[in-house]
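Participant: take a look and give me a structure for this.
(2 chains)
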Protein chains: 2
Amino acid sequence: MKIAVLGTGFVGRTFSAALVKLGHEVAIGTRDPQATLARQDSDAMGSPPFAQWHAQHADVALAAYPDAAAAAELVINVTNGAGSLDALAAAGTGNLSGKILVDIANPLDLSQGFPPFLNPVNTDSLGEQIQRAFPATKVVKTLNNMSAGLMVDPGRAGGGDHSVFVSGNDAGAKSQVTSLLQGFGHQDIIDLGDITNARAQEMLLPIWVRLMGVLGTPDFNFKIVR
Amino acid sequence: MKIAVLGTGFVGRTFSAALVKLGHEVAIGTRDPQATLARQDSDAMGSPPFAQWHAQHADVALAAYPDAAAAAELVINVTNGAGSLDALAAAGTGNLSGKILVDIANPLDLSQGFPPFLNPVNTDSLGEQIQRAFPATKVVKTLNNMSAGLMVDPGRAGGGDHSVFVSGNDAGAKSQVTSLLQGFGHQDIIDLGDITNARAQEMLLPIWVRLMGVLGTPDFNFKIVR
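Facilitator: Sure, this is the predicted structure:
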């Protein structure tokens, strides 16, 4: 499948490399490809400059947001949550129309330092904001509550014996995303219902952030034991 | 140990009966014992009248909030979250002073129907509100994200192979609560840190409520797979 991964950070890189391995044709979308390639410094999360990573992953294309989205059958949002609506607007409503948008971002508000707060929260979510802004796009929220490594390689923790949540308004879109998740090795995929459940998924972040500190690793996940 | 369980609903009853089985001396606290015993109707959660339950559990005492708290070495808050601060104020600051208060309540706001919202949320929590209101009491937040049945009998789901979180400012209090949890059969007890982590624990409720609907049972729990 032709897939656009919007976001050049660690999650976007990990996701893109894993999708290529599964045989997909992947373009990473960014605001300004030349500026992205020209960057010499590590990003805010400590990832090395994009060009350095890209030199070893020439099978992943780099394109401006609208070009990446226009060419894709499926689009994945791994931009910083605070900038996701802007990034998707730059990709273009028409380029996203009728397509599945897998939303993995979290609306983390770091304006008051660490740990982050969520904004929006409780009565709204980033997933719903995106669905409202792009009503002709099929938004599916998933994977936002685990490390990039576990998203694409669940076996890194407990042999993959843990759960992943999906929510969205379109049953067919959730079915396709479920197949994608199964391709990565996810076994227990729980459909929470419509996109309003993105609230519940995003509200897992505070305990996720805390557990990462307590456990000393990002490679853990929730299993729903029943 | 002499334990006061504040709250006469299903959670309070389940908890009290389980504590008696473990050999503790338990009093259920309520605002007005005579009124509680006189009630003829099922409560909001569909539990039968208290007197009917109490007739079969004569080994659990019933007392007014201040009397129950004054006599107890450890106090457990299982009142409705929206009324917890009032109930604890009725129990009396002096009667709670220096004691461990196990806070199991959730600040569910049902004013807009189901599913409930949280209030407070994100930048504050019920656990923190209680700790601020009763600074001489050692508040430990735990068990708020599972069914009453699982709180006291974790083996009901997955043979007990799941996790329980604790948070609080007093290490000794958390240690004693950990022992209590182990007494019920909990195996994986994760100390999240100080009471500000009650935010993260309470923010598990939205996905808990949704999962109960999807799975068709309250007897499930989160396991942190790592």
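
Participant: which residues of chain A lie near chain B?
Facilitator: Residues of chain A found near chain B (C-beta under 8 Å from any C-beta of the partner chain) are A:117-118, A:121-123, A:157-158, A:161-162, A:165, A:190-193, A:197, A:199-201, A:203-204, A:206-207, A:209-211, A:213-215, A:217, A:219-226. From N, CA and C alone the C-beta is placed, and that goes for glycine too.

Participant: ok, of those residues, which come out buried?
Facilitator: When the residues of chain A next to chain B are checked for burial by 16 or more other C-beta atoms under 10 Å in any protein chain shown, the buried set is A:117-118, A:121-122, A:157-158, A:162, A:165, A:191-192, A:197, A:199-201, A:203-204, A:206-207, A:209-211, A:214, A:219-226.

Participant: from the residues you listed, which ones fall inside helices?
Facilitator: A:199-201, A:206-207, A:209-211, A:214 (DSSP state H).

Participant: and residue A:115, what pLDDT?
Facilitator: Per-residue confidence at residue A:115 stands at 92 (pLDDT).

Participant: what comes up buried for the lengthiest helix in chain A?
Facilitator: Ranked by residue count and defined by DSSP H, the top helix of chain A is helix A:171-184. Burial within helix A:171-184, assessed by neighbour count using 16+ other C-beta under 10 Å, is assigned to A:173-174, A:176-178, A:180-181, A:184.

Participant: do stretch A:148-158 as well
Facilitator: A:148-154, A:156-158.

Participant: which residues in chain A form strands?
Facilitator: Using DSSP state E, the strands of chain A run over A:2-6, A:25-30, A:61-64, A:74-77, A:100-103, A:108-109, A:117-118, A:138-142, A:163-168, A:188-193, A:221-225.

Participant: could those strands go into CSV alongside distance to residue B:20?
Facilitator: Formatted as CSV, those follow (distance: least, C-beta to C-beta, whole Å):
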stretch, distance to residue B:20
strand A:2-6, 57
strand A:25-30, 61
strand A:61-64, 66
strand A:74-77, 53
strand A:100-103, 49
strand A:108-109, 45
strand A:117-118, 41
strand A:138-142, 44
strand A:163-168, 35
strand A:188-193, 36
strand A:221-225, 27
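
Participant: which of the buried residues of stretch A:148-158 lies closest to chain B?
Facilitator: residue A:158 (3.7 Å; C-beta to the nearest C-beta).

Participant: ok, that closest one to residue B:149 distance?
Facilitator: 25 Å (C-beta to C-beta, to the nearest Å).

Participant: what's the answer for residue A:70, then?
Facilitator: 53 Å.

Participant: what do you get for residue A:5?
Facilitator: When residue A:5 is compared with residue B:149 (using C-beta to C-beta), they lie 43 Å apart.

Participant: residue A:25 pairs with what?
Facilitator: residue A:2 (DSSP bridges).

Participant: quick one: contacts for it?
Facilitator: A:1-3 (C-beta atoms under 8 Å, 6 or more residues apart in numbering or on different chains).

Participant: rerun at 10 Å
Facilitator: A:1-4, A:19, A:59-61, A:71-73 (C-beta atoms under 10 Å, 6 or more residues apart in numbering or on different chains).

Participant: what mean pLDDT would you report for stretch A:77-85?
Facilitator: 97.

Participant: and stretch A:19-31, by the same measure?
Facilitator: 98.

Participant: can I get that stretch in CSV, CA atoms only?
Facilitator: Only the C-alpha atoms of stretch A:19-31 are listed here, as CSV (Å, rounded to 0.1, in the frame of the first residue of the first chain):
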residue,chain,number,x,y,z
LEU,A,19,6.2,-0.4,7.0
VAL,A,20,8.9,-0.6,4.3
LYS,A,21,9.9,-4.0,5.7
LEU,A,22,6.3,-5.2,5.4
GLY,A,23,6.4,-4.2,1.7
HIS,A,24,4.6,-0.9,1.8
GLU,A,25,5.6,2.1,-0.3
VAL,A,26,6.3,4.9,2.2
ALA,A,27,6.8,8.6,2.1
ILE,A,28,7.5,10.7,5.2
GLY,A,29,5.8,14.0,5.0
THR,A,30,7.3,17.2,6.4
ARG,A,31,6.6,20.9,6.1
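
Participant: per-residue pLDDT, residue A:35?
Facilitator: 97.

Participant: next: the one 4 residues further on.
Facilitator: The pLDDT attached to residue A:39 in the predicted structure is 94.

Participant: contacts only, for the closest residue to it other than its chain neighbours.
Facilitator: Excluding its sequence neighbours, the residue lying closest to residue A:39 (C-beta to C-beta, 6 or more residues apart in numbering or on different chains) is residue A:49, at 5.1 Å. Residues near residue A:49 by C-beta under 10 Å, 6+ apart: A:36-43, A:55.

Participant: can you report phi and psi for residue A:49?
Facilitator: Dihedral angles phi and psi of residue A:49 (degrees, to the nearest 10) take the values phi -50, psi 140.

Participant: and it, what pLDDT?
Facilitator: Residue A:49 is given a pLDDT of 96.

Participant: quick check: it vs chain B, distance?
Facilitator: 31 Å (C-beta to the nearest C-beta, to the nearest Å).

Participant: how far is stretch A:116-128 from where the chain is centred?
Facilitator: Its chain's average C-alpha position is 16 Å from that of stretch A:116-128, according to C-alpha atoms, centre = their mean, to the nearest Å.

Participant: can you give me the end-to-end distance of that stretch?
Facilitator: End-to-end span of stretch A:116-128 (C-alpha to C-alpha, to the nearest Å): 20 Å.

Participant: and what of stretch A:122-135?
Facilitator: 21 Å.

Participant: flag every buried residue along it.
Facilitator: So stretch A:122-135, judged by 16+ other C-beta under 10 Å, has buried residues A:122, A:124-131, A:134.

Participant: and if you look at stretch A:66-86?
Facilitator: A:67-72, A:74-82, A:84-85.
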